[in-house]
Each structure stands twice: as structure tokens, then as C-alpha cells.
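Asks: Got a sequence here, can you build the structure:
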Amino acid sequence: MKIELSEYVKRPHLRLKKTFGVFYFFEKFIVAEINEGEHFSYEKAKEIIDFSYIYYGISVQVAYISNRINSYSVELALYSKMKNDGHQFIVASAIIIYSEIGLKMATLEKFFAKHSVKRCLNLHEAIGWVLSLEEFNL
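Replies: Next up is the predicted model:
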């Protein structure tokens, strides 16, 4: 389900439309909906990272929710590139899967990520998990 069709769209957020997808910036998390057929590279991720620093500030700590409503590929090296460039503002990620291939890709990404990654079946599960993270409830 697209976030625009969910009850979460009623929460305060900023919507950022890029040529490769739409990103929703909430208080403690970002929801990404990447376009069909895209290859989500580090260069594209860097655009979102740079905007995140402007929107949240330099000492931001947020979770990233990948709402996989479309089929696309992800540069697996982007996790290590983010870490090598000093970008450690993502404390955890949730990947919402809608297909068997999506589950396989999420499992592979979980292996490469340097932070906690949870595979979820819907927005409600992903957002609930993110909001229960210890980092946000100190």
C-alpha cells in the first residue's frame, strides 16, 4: 500500500518527489517509494542523505523504511559506501516486501547492512517496529 493511501499520511511530514521515487520525511523515520525499474544507486541515495541533513540537521538519527510497492534494484555496495563516507544517521531500516523476489532481495540487503534491518509485510508493521526502537525511546 502506498503511504498516501494510508492513515500515516495524516501525520506531519514532508513529501519530496525525485525523478527516481518519492520520499516522505516524518519526525523519526523516512519512507521511500522508489519508482518501478529504477536502480537505486549510491548517487541517488546521496541526494536523499544530503536533503536529510538539511531537513533534520547534522546530528540526525532516523530510521529508513523502504516501501517496496514497485520492483527495482538496489546497489548493495551503497551500505558500505554510506559508512565509508561517514553517513551513520540511519539507526535501522525496515523493508516492506510484497513478493517472493522482494523477500530474497531484502534478505540479501540485510546481510550487507551495517545496522538493524527488519523485513515487514505492511506499513503498519514497519512503522510500529521503527517507533518501538530503543534509540527513539530513551
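Asks: give me the number of residues near the closest residue to Glu38 other than its chain neighbours?
Replies: Leaving aside its sequence neighbours, Glu38 sits nearest to Tyr72 (Cβ to Cβ, 6 or more residues apart in numbering; 4.4 Å). C-beta: built from backbone N, CA, C; applies to glycine. When neighbours are defined as other Cβ atoms under 10 Å, Tyr72 has 17 of them.
Asks: same question, the one 10 residues further on
Replies: Burial measure for Met82: 20 neighbouring residues, criterion other Cβ under 10 Å.
Asks: Name the spans of the protein whose pLDDT lies under the cut-off.
Replies: Applying pLDDT under 70 to the chain picks out residues 86-87, 137-138.
Asks: which other helices and strands contact the longest helix along it?
Replies: Secondary structure of the chain per DSSP state H: the longest helix is helix 42-56. In this structure, helix 42-56 packs against strand 14-18, strand 21-25, strand 29-34, helix 78-84, with contacts taken as 3 or more Cβ pairs under 8 Å, 6 or more residues apart in numbering; DSSP states H and E.
Asks: which element follows that helix toward the C-terminus?
Replies: Heading C-terminal from helix 42-56, the first helix or strand you meet, by DSSP states H and E, is strand 62-67.
Asks: Tell me the helices and strands packed up against that following strand.
Replies: strand 29-34, strand 90-96, helix 123-131.
Asks: what's the angle between the second one and strand 29-34?
Replies: So the one you mean is strand 90-96. Here the directions of strand 90-96 and strand 29-34 differ by 50 degrees (axes from the mean of the first three to the mean of the last three Cα atoms, to 10 degrees).
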